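[1] give me coordinates for this.
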Amino acid sequence: MRRLVVLGIAEVVTGLVVGVVVASSGDDGGGNSSSTGSVPELAPLPGSSDLGSGTRSERTDTGKTTTGDSGGTPAPTTPPAGGGGSGGTPAPPQDSPQNDTPPPSGSPAEKFEQFCQENPGAC
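    The predicted structure follows:
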């Protein structure tokens, strides 16, 4: 019985020591717990092409974001025209005032449309 008590106390002490070590491992040694880190600037690998949007964002010391022109090639916004499709299923036609497709019965979309008909100012 004594042996179990000693073993239990040793486990508790070991747990406390591990907890203190883990809790203090986040300290950078400067004594200041509210330190601000810096983000390194990333550069593309040599030989890689720049497929970015043509702009880059930089964070200033105040935390605000500024946008500048990086001179890159803008990314295409529309897929190229031609017969080389992916073979996927075409998207269903979108629901619009010109193409009003009713939602399935009892669905949340049907309840929303019913609410909008009853309360046109809310939608």
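[2] burial count for residue 110?
    13 (other C-beta atoms under 10 Å). Heads up, the C-betas are built off the backbone N, CA and C, glycines and all.
[3] I'd guessed it sits against residue 104; true?
    Yes. In this structure, residue 110 is within contact of residue 104 by C-beta atoms under 8 Å, at 6.7 Å.
[4] quick one: average confidence on the longest helix along the chain?
    Identified as the longest helix of the chain according to DSSP state H is helix 2-24. For helix 2-24, the per-residue pLDDT values average out at 89.
[5] cool, and stretch 39-46?
    Per-residue scores along stretch 39-46 average to 80.
[6] list the buried residues in that stretch.
    Judged by neighbour count using 16 or more other C-beta atoms under 10 Å, stretch 39-46 contains no buried positions.
[7] and the end-to-end length of it?
    Stretch 39-46 stretches 21 Å from its first residue to its last (C-alpha to C-alpha, to the nearest Å).
[8] swap in stretch 91-110?
    Stretch 91-110: ends 21 Å apart by C-alpha to C-alpha.
[9] model confidence over it, on average?
    On average, stretch 91-110 scores 82.
[10] please enumerate residues in contact with that stretch?
    For stretch 91-110, the surrounding residues in contact (C-beta atoms under 8 Å, 6 or more residues apart in numbering) are residue 113.
[11] show me where the protein has its helices.
    2-24, 108-118.
[12] buried set for the longest helix of the chain?
    Buried-residue list, helix 2-24, by 16+ other C-beta under 10 Å: empty.
[13] just the strands in the protein please.
    For the chain, the strands defined by DSSP state E cover 55-59, 65-69.
[14] who touches residue 12 in this structure?
    Taking C-beta under 8 Å, 6+ apart as the definition, residue 12 has no contacts.
[15] quick one: residue 90 from residue 109, how far?
    21 Å (C-beta to C-beta, to the nearest Å).
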